[in-house]
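Chemist: no sequence on this one, just coordinates:
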């Protein structure tokens, strides 16, 4: 049941009163259902979701508070406005304590009714939108949506599934671009804290003086420019999760304050005297080896042990090349959906991507695919759409796995060698050679034809 203006259920045993209310709301553009008894109202509530239920407190069969309780049990986003006669105000106030949005005292004005219904509908829809957004975030950051079938990734998923429902502090190691924040969000949205926002800060991107005020907040007048009180991220994340990225870049001074916040579960705003107790789950991440940083005197050992309760490392993309085809397919699927297209990647281009080292990891791969997607005119992303640095290194690494002369070959020469080897293995049968190369028959036949014309291939093929 949907309507642009809102859907209303009117529960009133007085036929005339119910008809008047319905007429007013229909003229205002609302969708209106009606019930003359509590029993009929409960049937409608069980089978429909309303924005607002307007119910009399006194009904012939059941009390209006029963209708209220049933609505709240089914949909917390649906607002209930109770109608009460003079002398029943205490009952109406009690109903608001049970979850009623507000109450209307008989006799009420038309404008009063419309104003209250409009406000209740708007509030109801805000709640529904928030619930929908949280559900979408939970779905988006479901662990099943993180791409990876490599053995190390599977082992990582098992750890994350075990720790996500807990309150344990987590330390994530990994190179830039491996997806540390993605894992942190997945942990949050698979935890009991998922109904609250996820908070994150990059400790390396903010100067020390600003970082402390961002983390711990400040009081009015704490420093020049502090014109009002500001709640820091710790305070904002109370009851939720705070992700501290690149924590290895914190200064020793900030590390000491962070240690106190984690140990004591409290913070003090800059310039403040009051300690604020907090319940914040910390997930930290770094691309540095913190044990080495401790040895060099750049990281506090006591903070390290506070953070290192649960620690895991996200492997770089070059160490899980078997995941590259899946990631490419994932990125293309998303881009195709956004652009209403059906682009694919050729096997030759994909092979180059698999044999590249990816210093920027998954983030770099996504950028390369996006660039290639834009540059390709047709439905296929091919070798010419791949950046030169990726193509060159991918070609060299591919040559290491083939029986290629020591001097090395460019991609075209490697392709020719592969075609010759496939034809020999297929005893001249192009259809079988095409299968060995994972290439279409027509494409292979065209390449063979060109090679023959240039004298690069003897005519020992057959169809």
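Modeler: Yep, that arrived. Computed from a predicted structure; not experimentally measured.
Chemist: now the helices for the stretch 51-200 of the chain?
Modeler: Listed from the start of the chain, the stretch 51-200 of the chain has helices (DSSP state H, counting those that start in this stretch) covering 64-74, 89-97, 110-140, 151-163, 180-188.
Chemist: winner for burial among those helices?
Modeler: Stretch with highest mean neighbour count among the helices of the stretch 51-200 of the chain: helix 180-188 (a mean of 22; mean count of other CB atoms under 10 Å). For the C-beta atoms, the positions are set from N, CA and C on the backbone; glycine is no exception.
Chemist: mind listing residues that contact that one?
Modeler: If you take CB atoms under 8 Å, 6 or more residues apart in numbering as the criterion, helix 180-188 is touched by 141-143, 146, 160, 163-164, 170, 172, 174, 194, 198, 200, 240-241, 243, 245, 281, 283, 285, 314.
Chemist: over to stretch 98-116?
Modeler: 21, 24-25, 28, 52, 54, 65, 68-69, 72, 79-86, 89, 92-93, 95-96, 120, 123.
Chemist: equivalent analysis for stretch 256-274, please.
Modeler: Contacts to stretch 256-274, defined as CB under 8 Å, 6+ apart, come from residues 169, 212-213, 215-223, 226, 229-232, 234-235, 244, 250, 275-280, 282, 300, 302-303, 306-307.
Chemist: now do 6 Å
Modeler: The contact list for stretch 256-274 (CB atoms under 6 Å, 6 or more residues apart in numbering) reads 213, 216-219, 222, 234, 275-278, 303, 306.
Chemist: centre of the chain to that stretch, how far?
Modeler: Here the centre of stretch 256-274 is set off from its chain's centre by 30 Å, with CA atoms, centre = their mean, to the nearest Å.
Chemist: and that stretch, average pLDDT?
Modeler: Taken as a whole, stretch 256-274 has an average pLDDT of 92.
Chemist: what is the end-to-end distance of that stretch?
Modeler: 18 Å (CA to CA, to the nearest Å).
Chemist: for it, buried residues please.
Modeler: Buried residues in stretch 256-274, defined by neighbour count with 16 or more other CB atoms under 10 Å: 257-259, 261-262, 267-270, 272.
Chemist: what is the nearest of these to residue 355?
Modeler: Closest to residue 355 out of those is residue 258 (41.9 Å), distances taken as CB to CB.
Chemist: which element, helix or strand, includes that closest one?
Modeler: helix 252-264 (DSSP states H and E).
Chemist: confirm that residue 348 sits in a helix.
Modeler: Yes - the assignment for residue 348 is a helix, going by DSSP: H, G, I helix; E, B strand; the rest coil.
Chemist: residue 371 versus that one, what's the distance?
Modeler: To residue 371, residue 348 is 17 Å away according to CB to CB, to the nearest Å.
Chemist: ok, these two, which is more surrounded?
Modeler: Higher neighbour count among residue 348 and residue 371: residue 348, with 18 against 15, using other CB atoms under 10 Å.
Chemist: if I pick that one, what's in contact with it?
Modeler: So residue 348 contacts residue 383 (CB under 6 Å, 6+ apart).
Chemist: against residue 384, how distant is it?
Modeler: Counting by CB to CB, the gap from residue 348 to residue 384 is 10 Å.
Chemist: also residue 6?
Modeler: Taking CB to CB, one finds residue 6 at 55 Å from residue 384.
Chemist: now residue 319
Modeler: From residue 319 over to residue 384 the distance is 28 Å, taken as CB to CB.
Chemist: what is the burial count for residue 210?
Modeler: 10.
Chemist: can you give me the pLDDT of it?
Modeler: 87.
Chemist: let me know the helix or strand that it is in.
Modeler: For residue 210, the element it lies in under DSSP H and E is helix 208-216.
Chemist: gap between that helix and the chain center?
Modeler: Worked out by CA atoms, centre = their mean, helix 208-216 lies 26 Å from the chain centre.
Chemist: adding distance to residue 394, write the buried residues of stretch 256-274 out as JSON lines.
Modeler: Compiled in JSON lines, these are given as follows (distance: CB to CB, whole Å):
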{"residue": "257", "distance to residue 394": "46"}
{"residue": "258", "distance to residue 394": "42"}
{"residue": "259", "distance to residue 394": "45"}
{"residue": "261", "distance to residue 394": "46"}
{"residue": "262", "distance to residue 394": "44"}
{"residue": "267", "distance to residue 394": "49"}
{"residue": "268", "distance to residue 394": "53"}
{"residue": "269", "distance to residue 394": "52"}
{"residue": "270", "distance to residue 394": "51"}
{"residue": "272", "distance to residue 394": "56"}
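Chemist: where in this structure is pLDDT low?
Modeler: Filtered on pLDDT under 70, the chain yields the residue ranges 1-4, 86-92, 129-145, 397-414, 438, 458-463.
Chemist: so it: which segments form each domain?
Modeler: 7-137, 145-315, 319-453 (automatic domain parsing).
Chemist: circling back: just want the angle from the helix holding residue 258 to helix 208-216.
Modeler: Going by axes from the mean of the first three to the mean of the last three CA atoms, to 10 degrees, helix 252-264 is angled at 10 degrees with respect to helix 208-216.
Chemist: what's the following helix or strand after helix 252-264?
Modeler: For helix 252-264, the succeeding helix or strand toward the C-terminus, using DSSP H and E, is strand 266-268.
Chemist: for the helix or strand that comes right after that following strand, which residues meet the burial criterion?
Modeler: Sequence order places strand 275-277 as the next helix or strand after strand 266-268, per DSSP H and E. Neighbour counts over strand 275-277 (16+ other CB under 10 Å) mark residue 276 as buried.
Chemist: mind listing the strands strand 275-277 pairs with, and their directions?
Modeler: Sheet pairing for strand 275-277, assigned by DSSP bridges, gives strand 266-268 (antiparallel).
Chemist: re earlier: which of residue 6 and residue 384 has more neighbours?
Modeler: A direct count of neighbours by other CB under 10 Å for residue 6 and residue 384 places residue 6 higher, at 22 against 11.
Chemist: counting neighbours, which bits of the one helix or strand residue 312 maps to end up buried?
Modeler: For residue 312, the element it lies in under DSSP H and E is strand 310-313. Buried residues in strand 310-313, counted by 16+ other CB under 10 Å: residue 310.
Chemist: no further questions, thank you.
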